[in-house]
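Colleague: here is my input; please provide its structure:
(one chain, ligands or ions: 2)
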Amino acid sequence: MKLERVEIIRVKLPLVRPFRTSFGEQTLRDVLLVNAYSTDGQGWGECAAQVDPYYSEEFIDGAQQMLERWLIPLLLEQRNLVPEEIPELLYRVKGHRSAKAAIEMALLDMHLRVKGQSLSRYLDGVRDTVEVGVAVGIADSISELVDVVADYVADGYTRVKLKIEPGWDVEPVRAVRDRFGGLQIQVDANAAYRAEDIGHLKKLDEFGLLMIEQPFEEDDLATHALFSQQVLTAVCLDESIVSARSAEAAIDAGACSIVNIKVGRVGGLLESRKIHDLCVLRGVDVWCGGMLESGVGRAANVSLASMSGFTLPGDISASNRYFVQDITEPFELVGSCLKVPTGAGLGIAVDQDLLTSLGAVRTHVSSH
Ligand code: OSB
Ligand code: MG
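Modeller: Ligands and ions are numbered 1, 2, ... in the order given. Predicted structure coming up:
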């Protein structure tokens, strides 16, 4: 195919509940969609970058610049664009993985729609529903946290991820553990701890958690490895894993026994597949992380999580956990699962009228 033009769409979706992590609070999702047109057809992608560069060095306005000035022009130049070759074509640009992932997603969606194949089938997915959980932000009080978790349990979620930070860890986890006996619980620190906190974090062992996600800084494999030796709970890496190569280094270093795969963080669905395959080979469990995506990115996540190695519930909750109204058909909880889209490509349709009524801002990028 020959890429002809790309529309970048920005729209703000308020979150139904503020989401607080160790790096700050978010009250809305600033969505960046990529709507790509080629000689063959059309495809959608979503950029996972956040408003502020607090989770990673990327930020959503920077990702848009990157797409407009470098990534899309580079792809517009190609006479014959093959989706599998996109990572290599974009390799010249350093980093900016979430921006790269967004355009790759749109071109894969386009390619698969033309072929009439679902993304799940393309990725050799083995499930038609995927187990999901819900990420619960830091609350103002323990009783408020317990109430929020109770709402999610009532909705059908059987796994929660509690965000932790120094001063908000052992006691909130104890309260949720005490109140919800059978609930699967894991925690995520978003790199908020330091090596001297190892002794304190080991207290989490008494709660039978599924895992502790990214306690230390993203480039600190050594402290994660040291911690992994001392703690009984499985250690999972999120921010530290940006490619199949960095996943291999982390596994070799003994820094984790579980890997969180996020399409944006690792630069796309194709790199995600590589990490999945590596982890299956190395006997490391993987699960699909989330970045508060709209239905577009959520469709990609659910499809990715249908692959065989995704053995733990993903941070891929139902649309109504995030938004009053999603911009695609909503993803709904069935038991504690979401259905994998079966339509061609991402298998979703974007509600263009809704985008317009929400005040979406559109920017066109083409070669002339
Ligand atoms: O660390 O997993 C994270 C959201 C934004 C940035 C980082 C993270 C998250 C989440 C959200 O935990 C999970 C979701 O999308 O439901
Ligand atoms: Mg995380």
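Colleague: could you pull up the residues touching the closest residue to ligand 2 within the chain?
Modeller: Proximity of the chain to ligand 2 (C-beta to the ion) peaks at residue 238, 3.6 Å away. In this view, the C-beta of every residue, glycine as well, is placed from N, C-alpha and C. Residue 238 makes contact with 188, 190, 213, 214, 260, 262, 265, 289, according to C-beta atoms under 8 Å, 6 or more residues apart in numbering.
Colleague: for the stretch 251-368 of the chain, what spans make up the strands?
Modeller: For the stretch 251-368 of the chain, the strands defined by DSSP state E, counting those that start in this stretch occupy 258-261, 285-288, 337-339, 361-366.
Colleague: how about those in CSV, adding distance to residue 63, mean neighbour count and mean pLDDT?
Modeller: Shown next, in CSV, are those (distance: least, C-beta to C-beta, whole Å; neighbours: other C-beta atoms under 10 Å; pLDDT from 0 to 100):
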stretch, distance to residue 63, mean neighbour count, mean pLDDT
strand 258-261, 19, 25, 98
strand 285-288, 20, 25, 98
strand 337-339, 26, 20, 98
strand 361-366, 12, 13, 98
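Colleague: closest to residue 37 out of those?
Modeller: Set against residue 37 and scored by C-beta to C-beta, the strands of the stretch 251-368 of the chain come closest in strand 361-366, at 8.9 Å.
Colleague: restricting to C-alpha, output the closest one in PDB.
Modeller: Output in PDB follows, covering the C-alpha atoms of strand 361-366 (Å, rounded to 0.1, in the frame of the first residue of the first chain):
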ATOM      1  CA  VAL A 361      -9.400  19.000  16.800                       C
ATOM      2  CA  ARG A 362      -8.100  17.600  13.500                       C
ATOM      3  CA  THR A 363      -4.700  18.100  11.800                       C
ATOM      4  CA  HIS A 364      -4.000  16.800   8.300                       C
ATOM      5  CA  VAL A 365      -0.700  15.500   7.300                       C
ATOM      6  CA  SER A 366       0.000  14.700   3.700                       C
END
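Colleague: sheet-wise, list the partners of it with their directions.
Modeller: Strand pairing for strand 361-366, determined by DSSP bridges: strand 3-21 (antiparallel).
Colleague: restrict the contacts of residue 238 to contacts with ligand 2.
Modeller: residue 188 (C-beta under 5 Å from the ion).
Colleague: tell me which of the contacts of residue 238 is nearest to residue 175?
Modeller: residue 188 (17.1 Å).
Colleague: what's the burial count for the residue lying closest to that closest one once chain neighbours are set aside?
Modeller: Excluding the flanking residues, the one nearest residue 188 by C-beta to C-beta, 6 or more residues apart in numbering is residue 213, at 4.0 Å. Residue 213 is flanked by 28 other residues according to other C-beta atoms under 10 Å.
Colleague: quick check: residue 213 touching residue 161?
Modeller: Yes. Using C-beta atoms under 8 Å, residue 213 makes contact with residue 161 at a distance of 7.3 Å.
Colleague: joint contacts of those two?
Modeller: Overlap of the contact sets of residue 213 and residue 161 (by C-beta under 8 Å, 6+ apart) consists of 186, 187, 188.
Colleague: closest to residue 218 out of the strands of the stretch 251-368 of the chain?
Modeller: strand 258-261 (12.3 Å).
Colleague: now the helix or strand hosting residue 103 against strand 3-21, angle please.
Modeller: Residue 103 belongs to helix 97-115 when assigned by DSSP states H and E. Orientation of helix 97-115 against strand 3-21 (axes from the mean of the first three to the mean of the last three C-alpha atoms, to 10 degrees) gives an angle of 130 degrees.
Colleague: now helix 97-115: buried residues?
Modeller: With burial defined by 16 or more other C-beta atoms under 10 Å, the residues of helix 97-115 counted as buried are 97-114.
Colleague: do the same with stretch 351-358
Modeller: Neighbour-count burial for stretch 351-358 flags 351, 355 (criterion: 16+ other C-beta under 10 Å).
Colleague: contacts only, for the residue in the stretch 151-300 of the chain positioned nearest to ligand 1.
Modeller: Nearest to ligand 1 in the stretch 151-300 of the chain, going by C-beta to the nearest ligand atom, is residue 290, at a distance of 2.5 Å. Counting by C-beta under 8 Å, 6+ apart, residue 290 makes contact with 135, 262, 298, 301, 314, 315, 316, 317.
Colleague: before we move on, the earlier item: so is the helix holding residue 103 next to ligand 1?
Modeller: No. Helix 97-115 stays clear of ligand 1 (C-beta under 6 Å from any ligand atom), getting no nearer than 10.8 Å.
Colleague: now that helix, how far from the chain's geometric center?
Modeller: Centre-to-centre, helix 97-115 and its host chain are 16 Å apart (C-alpha atoms, centre = their mean, to the nearest Å).
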